[in-house]
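**Student:** this one's sequence-less:
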Ligand SMILES: Nc1ncnc2c1ncn2[C@@H]1O[C@H](COP(=O)(O)OP(=O)(O)OP(=O)(O)O)[C@@H](O)[C@H]1O
């Protein structure tokens, strides 16, 4: 069990993290999400032991994780941190980079493990290529295989697919997260991208203004994000007063509504004037204006700018949001 207990941190005077506390079980995958600069990387660096914390402590299986004041080379042997700069050996080959930390006394195992990881990152045909001749995205994949070769118990991933094109990203995500589950490797992933999270992470921790804003099982948080900041991590979202969409509603409370949760109507509901239609592939994202505020909703077809229509929300969605409990 990884235990982050009441951690606060500042690089200088300004707090970056305040009173961060959570636990991650063995083999569990937890995502850390939040806007740029909210402290995701800093939190991973603290957990790995790269930054010294004066307030709070980190432990793994009840043993304290010691910071840079205690280790000549920072970092714990059972934990690996894949940072945004990859720490590769550019003048050696892909397979040499992956196998560097494997024992040469067991050549068969070394070969088998290197091949397995090359397969996982889908780079078998680049085994003999020098790393300096690879694209940045390919280097990121090699860096991933290199940390996994060391069989960490805990893996800290900082925007692990940031340089990888969409073509490769989906299969790499699936390969990686299935591999981590099969090996029961505990994983924390810092990311902006909900595609890294929704299908794969069991829980999400949301950071905002130095603190944990929400922590909850992934789908629970997605279904009931509680606030616009959290909802926006999953796509376009709006904050809508209920009595505007359901005229009979006896509450002025506002609920989160994702763009895909609106139904377009010509008759009644929330009046909207269309401003712009953005093609998204199999649907259009429409930007409209309602009561002088921007509103985003999906439509199967493009809508003409200036046209007027109404939006409805299913009663089920309204009830779900109204009855949601606080997820923090
Ligand atoms: N070495 C440093 N010295 C001083 N301030 C820093 C340092 N590294 C980060 N910061 C500041 O700490 C805050 C948190 O940065 P951090 O990189 O942890 O955020 P992040 O959520 O990972 O951002 P991003 O998603 O853009 O990578 C930011 O305000 C950043 O400017």
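**Tutor:** Nice, I can see it. Only a predicted model underlies this, so the values are computations on that prediction, with no experimental measurement involved.
**Student:** look at the spatially closest residue to residue 162 that is not a sequence neighbour and give its secondary structure.
**Tutor:** Spatial nearest neighbour of residue 162, excluding adjacent residues (CB to CB, 6 or more residues apart in numbering): residue 84 at 6.8 Å. From N, CA and C alone the C-beta is placed, and that goes for glycine too. Under the three-state scheme (DSSP: H, G, I helix; E, B strand; the rest coil), residue 84 adopts coil.
**Student:** quick check on residue 84: phi, psi?
**Tutor:** With angles defined as degrees, to the nearest 10, residue 84 sits at phi -80, psi -10.
**Student:** that one against residue 40, yeah?
**Tutor:** No: the pair residue 84 and residue 40 does not pass the contact test of CB atoms under 8 Å, sitting 10.7 Å apart.
**Student:** okay, the two: which has more neighbours?
**Tutor:** Higher neighbour count among residue 84 and residue 40: residue 40, with 24 against 13, using other CB atoms under 10 Å.
**Student:** common neighbours of residue 84 and residue 40, please.
**Tutor:** Overlap of the contact sets of residue 84 and residue 40 (by CB atoms under 8 Å, 6 or more residues apart in numbering) consists of residue 158.
**Student:** distance of the residue nearest to residue 162 relative to the ligand?
**Tutor:** As judged by CB to the nearest ligand atom, to the nearest Å, residue 84 and the ligand stand 7 Å apart.
**Student:** cool, and residue 144?
**Tutor:** Distance, residue 144 to the ligand, using CB to the nearest ligand atom: 18 Å.
**Student:** distance of that residue relative to residue 32?
**Tutor:** To residue 32, residue 144 is 18 Å away according to CB to CB, to the nearest Å.
**Student:** okay, the two: which has more neighbours?
**Tutor:** residue 32 (28 against 25).
**Student:** which residues touch the more buried one?
**Tutor:** Listed by CB under 8 Å, 6+ apart, the contact set of residue 32 reads 40, 43, 44, 188, 189, 190, 191, 204, 205, 207.
**Student:** one more time with 7 Å
**Tutor:** Applying CB atoms under 7 Å, 6 or more residues apart in numbering, we find residue 32 in contact with 40, 43, 188, 189, 190, 205, 207.
**Student:** looking at the protein, which residue reaches furthest from the middle?
**Tutor:** No residue in the chain sits farther from the centre than residue 267, which is 39.6 Å out by CA atoms, centre = their mean.
**Student:** which SS state does it fall under?
**Tutor:** At residue 267 the chain is in coil, as set by three-state DSSP.
**Student:** grab the nearest non-local neighbour of it.
**Tutor:** Using CB to CB, 6+ apart and skipping the chain neighbours, the partner closest in space to residue 267 is residue 310 (6.4 Å).
**Student:** wait, a strand at that neighbour?
**Tutor:** Yes: the assignment for residue 310 is a strand, going by three-state DSSP.
**Student:** beta partners of it?
**Tutor:** Taking DSSP bridges as the rule, residue 310 bridges to residue 265, residue 271.
**Student:** what number of residues lie near it?
**Tutor:** 17.
**Student:** again, but for residue 182
**Tutor:** Close neighbours of residue 182, defined as other CB under 10 Å, add up to 9.
**Student:** got a list of what residue 103 touches?
**Tutor:** Neighbouring residues of residue 103 by CB under 7 Å, 6+ apart: residue 110.
**Student:** for this structure, what helix or strand is lowest in average pLDDT?
**Tutor:** helix 242-245 (a mean of 74; mean pLDDT, DSSP states H and E).
**Student:** residue ranges in the chain under the pLDDT threshold?
**Tutor:** Applying pLDDT under 70 to the chain flags residues 72-74, 245-251, 325-328.
**Student:** residue closest to the middle of it?
**Tutor:** residue 191 (3.4 Å).
**Student:** follow-up on the earlier one: just checking, the residue nearest to residue 267 touches residue 270?
**Tutor:** Yes: between residue 310 and residue 270 a contact is recorded at 6.2 Å, counting by CB atoms under 7 Å.
**Student:** among the contacts of residue 32, which are located in helices?
**Tutor:** Residues of the contacts of residue 32 located in helices (DSSP state H): 40, 43.
**Student:** what strand or helix carries residue 172?
**Tutor:** Here residue 172, judged by DSSP states H and E, is contained in helix 166-182.
**Student:** can you list the buried residues in that helix?
**Tutor:** Neighbour counts over helix 166-182 (16 or more other CB atoms under 10 Å) mark 168, 169, 172, 173, 176, 177, 180 as buried.
**Student:** how about the residue farthest from the centre of the chain, phi and psi?
**Tutor:** As for residue 267, its main-chain torsions (degrees, to the nearest 10) stand at phi -110, psi -60.
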